[in-house]
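>>> Return a 3D structure for these sequence lines:
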Amino acid sequence: MSLTVCIEAKRWLPGLSASPRLLWFIAGACSILFAAIAGKWIGTDPGIVNFDPLRLEHMLVLAAALLGFAFLYRKPESGLLLLLALLYSNASEVAVRFHGLPSILQGLALLLGLVVVGRGLSEPREKLRCDMSLMLAAAYCIVLFASSALAANPSLADKRLIEQAKCLLIFALVINLVRSRVTLDRATWTILIVGAALSTISSLQVLTSSYSWDFGGFGRIKEGAQIVGDMRRPRVSGPLSDPNFYAQILIPLIPLGLYRLRDEKSAWRRLFGAYASAVCLLTLLFTYSRGAILALGIMLGILLMILRPPLKHCLAGVALLGLAVLLIPPQFEQRLGTLSQFVDTNESAVAKTDSSFRQRALLMRAAWEMWRDHPIAGVGAGNYPARYQEYADRVGSDVSSYEEFGEERFAHSLYLETGAETGLAGLSVFLAILIVVGVKGWSAVRIFRRLGDLKTARLVTSLMIGLTGYLTTSLFLHASYPRYLWLLLALIAASAQIAQKTLFDKGISGPA
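Predicted coordinates:
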């Protein structure tokens, strides 16, 4: 039945190619309308999925869905770019939390999923993609589901499983919709533009001291955050709830902007690449995130090793870095100075260790103890907060709340959190995903170089470097916003499939 519908849709849709642009504009608007209505009604009235032709709202949803499907079927890249923009800006959550609007992301993802399946069944050249990375991502969901049997709080396990299932859907959509070098280029442009826009808002907030205006939820501020000791300053959070996570999603954009600065032919695009990197870096400083600065240093080191710029460029970079040091707020310099406490073993120094370091050390130690007690399957997906208190007494924690952010405690390390909650089973699958995607990414770089496409090779390299920075910050941050990580992984996996297909189309065989 579904195959017949897809074939008939294929016959009907090409006839619309000569239709006026207004029709496609209306269809695109209807796709967004359907996404909004579906996101609202599925969340508040699950009965909406039981279609009743006598209800006007059901007929409106059906009409919007058909027009939206027609638009996205013909122009799936437009839906992909909208999906990426909504994801990276966190606009859907902002709309729900701050404005009481429906989640557009859910409905859009549903429509795109139907489009991907429909095109895969009816278009020989659009067959569904399912590689090792996608199968491992599905296996990770299975591990999370299995771990819920051991969870002290099954509702937390279900919440984590649902979030991971959404990440799996995003991963599948991206690797099935990013099928060409042009689409990959546009996808990375989309997230770079979104990141630059968010960073511009945050930088304006700090430079003009406009902390009372949150720009509709896209410029959130953590007021009175601890910087050093008793010193407190506002820290920008962008569209997210915490400055450290905001810094984490800005990290991958810096190498992407530098790539644009180097490889774009248009002067305006190169200028925007430079601006995007600069404003993301400036906003990174305004988050006061020490983990992000460590990740930034690692990324710059990798860039220098890979690109090997001429001496004059290195000298120019040193000069610009010196200028940036002069512009860095003194509070940030003092905050960075606390990093030396990591390596200072003097007892008096340990006693003066920054309080946030002590608190995070206790949270991480609790995660380690959970993992030691449950090495194979962990304590259950999402159940670290539920089990923290019983381990807090064991590790000597007297902290009732971290920065008074709330009652829930988190491991403050993605890897320790994964080990504590899902044990060796979950951590092994998760690390396998990272390794497989990493190998695929560097293989794609070698293939594009072999094909003489150095521009795309450097684009994939910038994605890999950005992923490295993200994973570095994950040493100190838990999985509060996992969609960003899975989006980066999906873009790299998609680039590997593009590289392999290009080799096949050119009739080239042999190792990359």
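>>> can we go C-alpha only for contacts and neighbour counts from here?
Will do.
>>> how distant is stretch 451-466 from the center of its chain?
Between the mean C-alpha location of stretch 451-466 and the chain-wide mean there is a distance of 19 Å, by C-alpha atoms, centre = their mean, to the nearest Å.
>>> so Glu223 sits in a strand?
Yes: Glu223 forms part of a strand when assessed by DSSP: H, G, I helix; E, B strand; the rest coil.
>>> Next, the contact list for it, please.
Each residue near Glu223 by C-alpha atoms under 8 Å, 6 or more residues apart in numbering is listed here: Arg233, Pro234, Arg235.
>>> So for stretch 209-228, mean pLDDT?
The average of the pLDDT scores along stretch 209-228 is 82.
>>> now that stretch, how far from the centre of its chain.
For stretch 209-228, the distance from its own C-alpha centre to the chain's C-alpha centre is 22 Å (C-alpha atoms, centre = their mean).
>>> Repeat that for stretch 358-366.
Relative to its chain's centre, stretch 358-366 lies at 25 Å (C-alpha atoms, centre = their mean).
>>> Grab the CA positions of that stretch and hand them over as CSV.
Listed next in CSV are the C-alpha coordinates belonging to stretch 358-366 (Å, rounded to 0.1, in the frame of the first residue of the first chain):
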residue,chain,number,x,y,z
ARG,A,358,35.7,20.5,44.3
GLN,A,359,32.0,20.1,43.6
ARG,A,360,32.6,18.6,40.1
ALA,A,361,35.3,16.3,41.5
LEU,A,362,32.7,14.9,44.0
LEU,A,363,30.1,14.5,41.3
MET,A,364,32.5,12.7,39.0
ARG,A,365,33.7,10.5,41.9
ALA,A,366,30.1,9.5,42.6
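>>> can you list the domain ranges for this structure.
In the assignment given by automatic domain parsing, the structural domains of the chain cover 2-128, 131-177+356-512, 207-353.
>>> Considering the contacts of Glu223, which possesses the most neighbours?
Arg235 (26 neighbours; other C-alpha atoms under 10 Å).
>>> ok, back up a step: just the ones in strands from the contacts of Glu223, please.
Secondary structure of these is defined by DSSP state E; positions in strands are Arg233, Pro234, Arg235.
>>> Output those residues as JSON lines; include the columns pLDDT and distance to Ala292.
Supplementary listing: these in JSON lines, determined by pLDDT from 0 to 100; distance: C-alpha to C-alpha, whole Å:
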{"residue": "Arg233", "pLDDT": "80", "distance to Ala292": "18"}
{"residue": "Pro234", "pLDDT": "83", "distance to Ala292": "17"}
{"residue": "Arg235", "pLDDT": "88", "distance to Ala292": "14"}
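>>> Now the helix or strand harbouring Leu485: average pLDDT?
When elements are defined using DSSP states H and E, Leu485 is found to belong to helix 482-505. When pLDDT is averaged over helix 482-505, the result is 92.
>>> Over to stretch 97-106?
Taken as a whole, stretch 97-106 has an average pLDDT of 78.
>>> from the chain's centre, how far out does that stretch sit?
Mean-position distance between stretch 97-106 and its chain equals 19 Å (C-alpha atoms, centre = their mean).
>>> can you tell me the distance between the two ends of that stretch?
When the termini of stretch 97-106 are compared using C-alpha to C-alpha, to the nearest Å, they are 15 Å apart.
>>> Mind listing what's buried along that stretch?
Burial within stretch 97-106, assessed by neighbour count using 16 or more other C-alpha atoms under 10 Å, is assigned to Leu101, Pro102, Ser103, Ile104, Leu105, Gln106.
>>> With stretch 182-193 instead?
Thr183, Leu184, Ala187, Thr188, Trp189, Thr190, Ile191, Leu192, Ile193.
>>> got a list of what Ser210 touches?
The contact partners of Ser210, taken as C-alpha under 8 Å, 6+ apart, are Leu204.
>>> So Tyr288, which state does it fall into?
Using three-state DSSP, the structure places Tyr288 in coil.
>>> Is it correct that it is in contact with Ser237?
No: contact status for Tyr288 versus Ser237: not in contact, 10.4 Å apart, counting by C-alpha atoms under 8 Å.
>>> what touches both of these two?
Between them, Tyr288 and Ser237 share the contacting residues Pro243, Asn244, judged by C-alpha under 8 Å, 6+ apart.
>>> can you pull out the strands in the protein?
Going by DSSP E, the chain shows strands at 220-228, 231-238.
>>> can you pull the contacts of the nearest residue to Leu434 once chain neighbours are set aside?
Using C-alpha to C-alpha, 6 or more residues apart in numbering and skipping the chain neighbours, the partner closest in space to Leu434 is Leu489 (7.8 Å). For Leu489, the contacting residues are Phe171, Leu434, Val437, Leu467, by C-alpha under 8 Å, 6+ apart.
>>> Just the ones of those in helices?
Using DSSP state H to define helices, the subset of these located there is Phe171, Leu434, Val437, Leu467.
>>> Between those residues, which sits nearest Leu261?
When those are compared for distance to Leu261 (C-alpha to C-alpha), Leu467 comes out closest, at 19.2 Å.
>>> How much space separates Leu416 from Ser462?
27 Å.
>>> Between these two, point out the one with more neighbours.
Between Leu416 and Ser462, counted using other C-alpha under 10 Å, Leu416 has the larger neighbour count: 27 against 23.
>>> That one is in contact with Ala366, isn't it?
No: counting by C-alpha under 8 Å, Leu416 does not reach Ala366; the two are 9.5 Å apart.
>>> Quick one: mean pLDDT for stretch 462-470?
For stretch 462-470, mean pLDDT is 95.
>>> quick one on the thing from earlier: mind giving me JSON lines with the contacts of Glu223 and columns for distance to Pro375?
JSON lines is the format used below for the contacts of Glu223 (distance: C-alpha to C-alpha, whole Å):
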{"residue": "Arg233", "distance to Pro375": "41"}
{"residue": "Pro234", "distance to Pro375": "40"}
{"residue": "Arg235", "distance to Pro375": "37"}
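>>> What ranges in the stretch 151-300 of the chain fall below the confidence cut-off?
225-231 (pLDDT under 70).
>>> any chance you could map the helices in it?
154-177, 181-207, 243-250, 253-263, 267-286, 290-307 (DSSP state H, counting those that start in this stretch).
>>> Show me what the longest one is packed up against.
Identification of packing neighbours for helix 181-207 by 3 or more C-alpha pairs under 8 Å, 6 or more residues apart in numbering; DSSP states H and E yields helix 76-89, strand 231-238, helix 253-263, helix 267-286, helix 482-505.
>>> ok, and what's touching stretch 85-94?
Judged by C-alpha under 8 Å, 6+ apart, the contacts made with stretch 85-94 from elsewhere in the structure are 102-105, 190-191, 194-195, 198, 216-218, 239-240, 483-484.
>>> Just give me the closest of the residues you listed to Pro375.
Scanning the contacts of stretch 85-94 for proximity to Pro375, where the rule is C-alpha to C-alpha, the winner is Arg483, at 26.3 Å.
>>> Let me see the contact set for the residue nearest to the closest one when sequence neighbours are not counted.
Counting by C-alpha to C-alpha, 6+ apart, Cys167 is the residue found nearest to Arg483 once chain neighbours are left out, at 5.5 Å. Contacts for Cys167 were tallied using C-alpha under 8 Å, 6+ apart; they are Pro482, Arg483, Trp486, Leu487.
>>> what would those residues look like in CSV with neighbour count and distance to Ala295?
CSV is the format used below for the contacts of Cys167 (neighbours: other C-alpha atoms under 10 Å; distance: C-alpha to C-alpha, whole Å):
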residue, neighbour count, distance to Ala295
Pro482, 14, 18
Arg483, 20, 19
Trp486, 21, 18
Leu487, 22, 19
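>>> what's the farthest-apart pair in those?
Within those (distances taken as C-alpha to C-alpha), the two that end up farthest apart are Pro482 and Leu487, at 8.7 Å.
>>> Give me the pLDDT value at the nearest residue to Gly120 once chain neighbours are set aside.
In space, not counting the residues next to it along the chain, Gly120 is nearest to Lys127; the distance is 4.1 Å by C-alpha to C-alpha, 6+ apart. What the model reports as pLDDT for Lys127 is 83.
>>> That'll do, ta.
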